[in-house]
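Chemist: Quick one, what's the 3D model for this:
(chains A, B, C and D)
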2 protein chains.
Amino acid sequence: MTISTKEKIFLISLDLFSQKGFSGVSIREITREVGIKESSLYNHFSSKDEILESILNFFREDFSKTLPPLETLDEILQKHSVESFLKAGLHNFKKYMEDETGQKMWRLLQVEQFRSPLAREIILHDLYGKTIEFLENVFTKFIEFKKIRPYNPKVLAIEYQYPVFSLLTEYNILKFDGKDTAELEKKLERHVDFFLNIILEK
Amino acid sequence: MTISTKEKIFLISLDLFSQKGFSGVSIREITREVGIKESSLYNHFSSKDEILESILNFFREDFSKTLPPLETLDEILQKHSVESFLKAGLHNFKKYMEDETGQKMWRLLQVEQFRSPLAREIILHDLYGKTIEFLENVFTKFIEFKKIRPYNPKVLAIEYQYPVFSLLTEYNILKFDGKDTAELEKKLERHVDFFLNIILEK
DNA sequence: GTCTATACAGTGATAGAC
DNA sequence: GTCTATCACTGTATAGAC
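Modeler: Numbers count the residues shown, from 1 in each chain, chains lettered A, B, ... in the order given. Below you'll find the model as predicted:
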């Protein structure tokens, strides 16, 4: 399978934007890395802004696939214990964020959040909003099924997920510097254990 | 009290960098806002990079003052209940982050974290590291004094503080768009209540 | 869909007068 | 400590040949 020039531009732009920020990268730099002349880029994207926009829209669509649809939730929840469900979900989430492209997307969102309204929208609505909404549904059902203690499900969603987001921030910085992330993964495990301990406690 | 040209450059650079990122701001733009010519700026800072460096170093020193020194910790902990201590600490933290300059500093760190090794160092070592280290000490003593249940103090520090960091990320985006933060402050309160409930439970 | 050539405004920074 | 003037360079983007 070959990679088109447009895809090359997309991937190299993502890589550079995520490191230096949109304003820190020039068309010259992108096309040099791609191996074409500046003018050729405009056959694929009408402007530098359009490259960023297409990257952000791609992330949005791609990330929406990480959460299972609500209709299949009952079925999934029946098959798993609370512990295995949360650990499986975390595994998915980690895999997505450990993926090189996922990391770059995440970094790009961070560095462009105050320049791009779309980036802010994605962080608030998709990353934070959708994830919490999903978990709220999960915990509501777990409570219904009497599998966990009856806490406010929205609070549970936040208590579970928000530390994960912060750990992810740390993780990405460590990864960026090529540092060891073993201790961080332990922190993540201990967080899940702590949380499970609380909601399962009699 | 008057404000020197150097301070003006500092504050206007902070404002612009925090919105557009370092690369998105030109010397011309800074000096136009300050009201001097480009060449005059170099009487105060030797380069654009030096402005950023001085901002980051200022943040570092300034933030270190928000945490009370360890020597006074025993005294403070005797005077407060667990609840009043955590709520007072949160109040301090919030005040610092609600402050306009504090917000800009926080934004600057976020948008420059992958371009500036110093920014990464400040996030990891000062913001995350020092805060967790402090809280670990606090919870260790609370456990010693039998004021809370005997959990691993490092885990407690993370469970308490990491959601706060994520809430802060949300808070800053909402603030940037001039949106209402009332719901978010409720989230913060509910987090603290949830946490207190757990560690105080018999 | 790529190239050459080019437009031309904006970039960080410096020299030297006042 | 401010200014004017200027530097060499980089920025995005376009026209038109192949």
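Chemist: And for A:V25, the neighbour number?
Modeler: 22 (other Cβ atoms under 10 Å in any protein chain shown). C-beta: built from backbone N, CA, C; applies to glycine.
Chemist: For it, give me its contacts.
Modeler: By Cβ atoms under 8 Å, 6 or more residues apart in numbering or on different chains, the residues touching A:V25 are A:13, A:16-17.
Chemist: if we go to 10 Å?
Modeler: Residues in contact with A:V25, defined by Cβ atoms under 10 Å, 6 or more residues apart in numbering or on different chains, are A:12-13, A:15-19, A:33, A:48, A:51-52, B:23.
Chemist: Report the secondary structure element holding A:I143.
Modeler: Using DSSP states H and E, the element containing A:I143 is helix A:131-144.
Chemist: Could you export that helix as CSV, keeping only the C-alpha atoms?
Modeler: C-alpha atoms of helix A:131-144 as CSV (Å, rounded to 0.1, in the frame of the first residue of the first chain):
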residue,chain,number,x,y,z
THR,A,131,-15.9,10.4,27.9
ILE,A,132,-17.6,11.6,31.1
GLU,A,133,-21.0,11.1,29.5
PHE,A,134,-20.1,7.6,28.6
LEU,A,135,-18.8,6.7,32.0
GLU,A,136,-21.8,8.3,33.7
ASN,A,137,-24.0,5.8,31.7
VAL,A,138,-21.7,3.0,32.7
PHE,A,139,-21.8,3.8,36.4
THR,A,140,-25.6,4.4,36.3
LYS,A,141,-26.0,0.8,35.0
PHE,A,142,-23.5,-0.7,37.4
ILE,A,143,-25.5,0.9,40.3
GLU,A,144,-28.8,-0.4,38.8
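Chemist: May I see the buried residues of that helix?
Modeler: When burial is assessed from 16 or more other Cβ atoms under 10 Å in any protein chain shown, helix A:131-144 yields the following buried residues: A:131-132, A:134-139, A:141-143.
Chemist: Packing partners of the host helix or strand of A:R190?
Modeler: Element membership for A:R190, per DSSP H and E: helix A:182-200. Identification of packing neighbours for helix A:182-200 by 3 or more Cβ pairs under 10 Å, 6 or more residues apart in numbering or on different chains; DSSP states H and E yields helix A:82-98, helix A:131-144, helix A:153-176, helix B:153-176, helix B:182-200.
Chemist: Now do the helix or strand just after the first one against helix A:153-176: the angle between them, please.
Modeler: Spelled out, that is helix A:82-98. The helix or strand immediately downstream of helix A:82-98 is helix A:100-112, counting by DSSP H and E. Per axes from the mean of the first three to the mean of the last three Cα atoms, to 10 degrees, the angle that helix A:100-112 makes with helix A:153-176 is 100 degrees.
Chemist: Who are the packing partners of helix A:100-112?
Modeler: helix A:5-20, helix A:48-64, helix A:82-98, helix A:117-121, helix A:153-176, helix B:100-112.
Chemist: what about the fifth one, near chain B?
Modeler: Yes - where contact is defined by Cβ under 10 Å from any Cβ of the partner chain, part of helix A:153-176 touches chain B, namely A:154-156, A:158-170, A:172-174, A:176.
Chemist: Give me the residue ranges of chain A where confidence is low.
Modeler: For chain A, the stretches with pLDDT under 70 are A:202.
Chemist: what does it put close to DNA strand D?
Modeler: Residues of chain A lying close to DNA strand D (Cβ under 7 Å from any atom of the strand) are A:25-29, A:38-39, A:42, A:46-49.
Chemist: how about those residues in CSV, adding secondary structure and distance to DNA strand C?
Modeler: Compiled in CSV, these are given as follows (DSSP: H, G, I helix; E, B strand; the rest coil; distance: Cβ to the nearest atom of the strand, whole Å):
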residue, secondary structure, distance to DNA strand C
A:V25, coil, 14
A:S26, coil, 11
A:I27, helix, 10
A:R28, helix, 9
A:E29, helix, 14
A:E38, helix, 6
A:S39, helix, 3
A:Y42, coil, 7
A:S46, coil, 13
A:S47, coil, 14
A:K48, helix, 13
A:D49, helix, 16
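Chemist: now the helix holding A:I143 and helix A:153-176, what's the angle there?
Modeler: With the same axes, to 10 degrees applied, the angle from helix A:131-144 to helix A:153-176 works out at 130 degrees.
Chemist: how big is the angle separating helix A:131-144 from helix A:82-98?
Modeler: Going by the same axes, to 10 degrees, helix A:131-144 makes 170 degrees with helix A:82-98.
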